[in-house]
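J.: Predicted model and sequence follow; I will ask about them next.
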Amino acid sequence: GAVVSQHPSWVICKSGTSVKIECRSLDFQATTMFWYRQFPKQSLMLMATSNEGSKATYEQGVEKDKFLINHASLTLSTLTVTSAHPEDSSFYICSAWDYLDEQYFGPGTRLTVT
Amino acid sequence: GNSVTQMEGPVTLSEEAFLTINCTYTATGYPSLFWYVQYPGEGLQLLLKATKADDKGSNKGFEATYRKETTSFHLEKGSVQVSDSAVYFCALTRGGADGLTFGKGTHLIIQP
């Protein structure tokens, strides 16, 4: 099956700093990627849809100025958490759509803001 | 909006027991339905899917049937194994390049 990677797998940053998370589709091109957020023992919540070469579409309640998404190529999307605060600590998961009605998920990135 | 409701866990069963995890949904139109599994320390994996009413998705002994009349997509397995221990998520999408709406997940624990 298709493989999606995320980097880093775990990151700790200080409050007020920014952190970038990369999502790559390794063996297929993905015009569309998605970013989800998962709180402990809770479900995944869609944050935004990332389209190559255009602006991301954010879900209601997601601050676009805090969670910057860039989809510069057909295999790479990045999520930058700007001016991170402890409440941004979470598990961030990306997925890539393969045009066949299936999304392939990355392994996730655990962000801890101290 | 769209929503998915699935039974809360954890669900604890003995090996070889019959498994049912209930999932119901609310959505406009005709969504595609999915079950994803998340093993400890790993990413989400697609377990099975169904894209239209009365379709049955199946994989690794798991089955689920798309029931539009009851807006349900219950997951079943006739005989579970310890290796099935994981968190199972029911999800839907309107299709194409739309994101997934997930249920809260059900933690399944199989005891030998």
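T.: The structure has been received and is ready for your questions.

J.: who in chain B is up against chain A?
T.: For chain B, the residues in contact with chain A (C-beta under 8 Å from any C-beta of the partner chain) are B:32, B:36, B:42-46, B:49, B:51, B:89, B:93, B:95-105. Where C-beta positions appear, they are placed from N, C-alpha and C, glycine not excepted.

J.: Identify the bridge partners of residue A:46.
T.: Residue A:46 forms beta bridges with residue A:36, as assigned by DSSP bridges.

J.: Go ahead and confirm it touches residue B:93.
T.: No. Residue A:46 lies out of contact with residue B:93 (C-beta atoms under 8 Å); the separation is 9.8 Å.

J.: what about the two, which has more around it?
T.: residue B:93 (24 against 19; other C-beta atoms under 10 Å in any protein chain shown).

J.: How about the contacts made by the residue nearest the centre of chain A?
T.: When C-alpha atoms, centre = their mean is applied to chain A, the residue found nearest the centroid is residue A:35 (3.8 Å). The contact partners of residue A:35, by C-beta atoms under 8 Å, 6 or more residues apart in numbering or on different chains, come to A:23, A:46-48, A:50, A:67, A:69, A:77, A:79, A:92-94.

J.: Name the nearest of those residues relative to chain B.
T.: residue A:46 (3.9 Å; C-beta to the nearest C-beta).

J.: Relative to residue A:59, how far out is that closest one?
T.: 5 Å (C-beta to C-beta, to the nearest Å).

J.: sorry, back to before: could you list which of the residues of chain B next to chain A belong to strands?
T.: B:32, B:36, B:44-46, B:49, B:89, B:93, B:101-102 (DSSP state E).

J.: now those residues as CSV including pLDDT?
T.: As requested, those are exported to CSV (pLDDT from 0 to 100):
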residue, pLDDT
B:32, 92
B:36, 95
B:44, 89
B:45, 90
B:46, 92
B:49, 94
B:89, 96
B:93, 91
B:101, 94
B:102, 95
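
J.: Lowest-confidence entry in the contacts of residue A:35?
T.: Note: of these, the lowest pLDDT belongs to residue A:50, at 91.

J.: For my notes, confirm that one occurs in a strand.
T.: Yes. Residue A:50: assigned to a strand according to DSSP: H, G, I helix; E, B strand; the rest coil.

J.: who touches both of residue A:46 and residue B:93?
T.: When contacts are counted by C-beta under 8 Å, 6+ apart, residue A:46 and residue B:93 have B:99-101 as shared neighbours.

J.: Now distance to residue B:109 and neighbour count too, for those residues, in JSON lines please.
T.: What follows is the shared contacts of residue A:46 and residue B:93, written out as JSON lines (distance: C-beta to C-beta, whole Å; neighbours: other C-beta atoms under 10 Å in any protein chain shown):
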{"residue": "B:99", "distance to residue B:109": "29", "neighbour count": "24"}
{"residue": "B:100", "distance to residue B:109": "25", "neighbour count": "23"}
{"residue": "B:101", "distance to residue B:109": "26", "neighbour count": "22"}
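
J.: nearest to residue A:2, of those residues?
T.: Of all these, residue A:2 sits closest to residue B:100, with 15.8 Å by C-beta to C-beta.

J.: Was I right to think that closest one contacts residue B:94?
T.: No. Using C-beta under 8 Å, residue B:100 makes no contact with residue B:94, being 9.9 Å away.

J.: Spell out which residues of chain A are next to chain B.
T.: Checking chain A against chain B by C-beta under 8 Å from any C-beta, the hits are A:4, A:31-32, A:34, A:36, A:42-46, A:49, A:51, A:59, A:93, A:95, A:97, A:101-108.
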